[in-house]
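# Sharing a model that was predicted from the sequence below.
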Amino acid sequence: MKNRCHRGHFLHIALILMVAACVPVEEKIPLPFNTSLQQESLRKIYRMQTNQQKDSLLYYLKSEDPSIRYAAARAFASFQDSTSLESLFPLLTDQQGQVRAMAAIAVGQIGSHRAEAQLTAAFDGRDSARLYEEANSAILEAMGKIGSTQFLHALGTISNYQPSDTLLLLGQARGIYRYALRNMVDPEGTATMVRYLSDDAMPPQVKLIAANYLHRAQDIDLTPHAEQLIAEWHSVSDPYLRMCLATALGKLKTAATSKLLIESLQTESDDRVKCNIIRALQTFDYKDVQKVFLEIVQDNHAGPAEVAAQYFVNQGKTQDATRYKAVIDQCKHWQSKTRMAEAANKNMTSMFIPAKTALNKDILAYMSQARNVYEKAAWLKAWGSEIRNFESLPKYIDADQHIVIRTQAVTSLIDVCKDKNFDAYFAGEGHLIRSQIGGYLANAIRSGDAGILALIAGAITDSKTGLKTVMSDRKTELSKAMTNLKLPEEMETYLELAKALKEYNIESPPVPEDKKSTKNIDWKIIDSWKQESKVVIKTSLGDVMLELYPDRAPGSVSNFIELVNLKFFDGKAFHRVVPNFVVQTGCPRGDGFGSLDFTIRSELAGAYYDDEGYVGMASAGLHTEGTQFFVTHSPAPHLDGRYTIFGKVISGMDVIHRIGIGDTIKEINILY
């Protein structure tokens, strides 16, 4: 009986989805509505969102004005409170299609399994007039965030959507992709995504999501599709698709695909695709790829060279350690130089004492000659990768060191404890050495530095470090450090310390409301922004021009412009660069742990990282944004619904692609 019920439920889902755009019904004409932020009523809703006035927002979900219902639903997409679900469900069948769509987005963002039945029932499979196609698309995507495996299978078997059904196809593809981000995959869904990627008639947006599914999905079997994927690799020129196809080919793990990817490295002109080819090849046997990687670390282009060098840090072999050392001086960029030094230092054993002694002497010399603090920190990381050097690291935590160096020294001490050879190297004395390192970290705790505290707290909760036990007698110091934090600017550290104390069965008090200090939207700033207004970021490598999205993310735009007017960003470094992902800046400390004495609300409703150059707010969790922002190198749909998008690069992407860690913002100007 139980199996029959499940089968009946599956058939119900499938039938609802399969009849989309097939059965005529009486057309309903939705009332026109205006979502312009010039309306005071909509600004009022944003104020409620900022102040987290849930009860008031719930009331506005019932407004007769569809624009108000829409705005309130949009607020809950960022609010993400599961207690609002019952009030959102009626909007899934709202007369106004855009209200339906936003309600579906909000329900998906909340992420509760309780919404599955309501979303399924709200899918309008009789929408022949396509009044609710946007809503149907949003429902399919939302189901990917909350649905069961049964719905995933049903979603993957839809086959009657035509290339002209762009929104429905996009909803289906996004839904399957969102499932994959939850580590839920189905062979039918995989086959559908391969088919969509290979079909030239498919809308480009759909092909992009299909490609990213093949790139991101874990534990999928692509063997049945090998010939099709290889054929696509030979025919597709779009770099956004090729970078994903490279990863997909890597999942095949065959000699043929290994050979194909290695050959493609020699002819590929887009560095982003090359980075992904290198990452794909990392899944193959070391002996098959190490030679070509040793060549790439000497590449003129920083991104591919860095990714290849990182491979040897992660998967280097003792027998090749001297080769890693030999290639250091051949590297063109300090990022690859430092990583090859790290790989050599990690893998040289006592059999290579003269070479290792020379290497460590060279690393210290390179460190003293570093051109910026980030390069110095990278050489320090290479130095610390030799376990025997751990006793020399505490001096780099002293207050007279730059904060970037101090956080790296703490990170290196923690990495020593995580080294897979730790117990073997310190045979019989591992606990004593961990206790010694715990003492160094205890001294670092007393500094009260937020970034250092966050690192140590994270190390306690990381089972790989073994530090939970040796740091157990530091609970009082951790609690005291928590009470001395400045909130909200050190909120990230507060949250990390709370997790660490919970490991010792100590519950931390909730953050007092008066300490959250959420910044309100400055509507005068929003009103001053014109459609033709632009932002020019003058960097040490050239100019980058942005457009901003005040209608989509007024809180983030208002905050950004205010900081620009205060000259806050002038002189700030790009402290984080991940090849073919992002460049990030805006940290007042320069190590990624900095902020100011406020936060702003996340604004996450219905925006997509479907192109290069999107400008997003960095965060440590919901509503923790402040001053740090990033720019994407390529589409990054796994960030959708998690990080606020408030702008986009419209010129100067070549500069963004060349920016490395330590490059700086000279100034930012607003062109009204």
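That came in fine, so what should we check first?

# In contact with the nearest residue to Ile262 once chain neighbours are set aside, which residues are there?
In this structure, Ile262 finds its nearest non-sequential neighbour in Val292, 5.4 Å apart by Cβ to Cβ, 6 or more residues apart in numbering. In short, each C-beta sits where N, CA and C put it, glycine included. With contact taken as Cβ atoms under 8 Å, 6 or more residues apart in numbering, Val292 is in contact with 262, 265, 281.

# One more pass at 10 Å, please.
Contact criterion Cβ atoms under 10 Å, 6 or more residues apart in numbering gives 261-263, 265-266, 278, 281, 308 as the residues in contact with Val292.

# Show me those residues that map onto helices.
Using DSSP state H, 261-263, 265-266, 278, 281, 308 are the members of those that sit in helices.

# Where does confidence bottom out across these?
In terms of pLDDT, Gln266 ranks lowest among the ones in helices among the contacts of Val292, with 91.

# lowest-pLDDT helix or strand in the protein?
Ranked by mean pLDDT, DSSP states H and E, the weakest helix or strand in the chain is helix 2-18, scoring a mean of 47.

# Skip ahead from that helix and say which helix or strand is next.
Once the chain leaves helix 2-18, the next helix or strand it forms, by DSSP states H and E, is helix 40-50.

# And the helices in the stretch 451-600 of the chain, which stretches?
Read by DSSP state H, counting those that start in this stretch, the stretch 451-600 of the chain holds these helices, from start to end of the chain: 467-470, 475-483, 491-503, 523-528, 554-565.

# what's the closest of the ones you listed to Glu232?
Taking Cβ to Cβ as the measure, the helices of the stretch 451-600 of the chain were each checked against Glu232, and helix 554-565 came out nearest at 37.2 Å.

# mind listing what's buried in that closest one?
Of the residues in helix 554-565, those buried under the neighbour-count criterion (16 or more other Cβ atoms under 10 Å) are 554-561, 563-564.

# Could you dump those into CSV and include pLDDT and distance to Trp334?
Output for these, formatted as CSV (pLDDT from 0 to 100; distance: Cβ to Cβ, whole Å):
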residue, pLDDT, distance to Trp334
Pro554, 97, 40
Gly555, 97, 38
Ser556, 98, 33
Val557, 98, 35
Ser558, 98, 38
Asn559, 98, 34
Phe560, 98, 31
Ile561, 98, 35
Leu563, 98, 30
Val564, 98, 30
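
# what's around Gln531, how many residues?
6 (other Cβ atoms under 10 Å).

# Give me the distance from the helix or strand hosting Glu342 to the chain's centre.
Secondary structure assigned from DSSP H and E places Glu342 in helix 334-347. A distance of 26 Å separates the centroid of the chain from that of helix 334-347, by Cα atoms, centre = their mean, to the nearest Å.

# Packing partners of it?
Judged by 3 or more Cβ pairs under 10 Å, 6 or more residues apart in numbering; DSSP states H and E, the packing partners of helix 334-347 are helix 302-315, helix 321-327, helix 353-368, helix 373-384.

# Just the C-alpha atoms of the shortest one, please, in CSV.
This file holds the C-alpha atoms of helix 321-327, laid out as CSV (Å, rounded to 0.1, in the frame of the first residue of the first chain):
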residue,chain,number,x,y,z
ALA,A,321,60.4,17.4,-4.3
THR,A,322,63.7,18.5,-5.8
ARG,A,323,62.0,19.1,-9.1
TYR,A,324,59.6,21.4,-7.4
LYS,A,325,62.5,23.3,-5.9
ALA,A,326,64.3,23.5,-9.3
VAL,A,327,61.3,25.1,-11.0
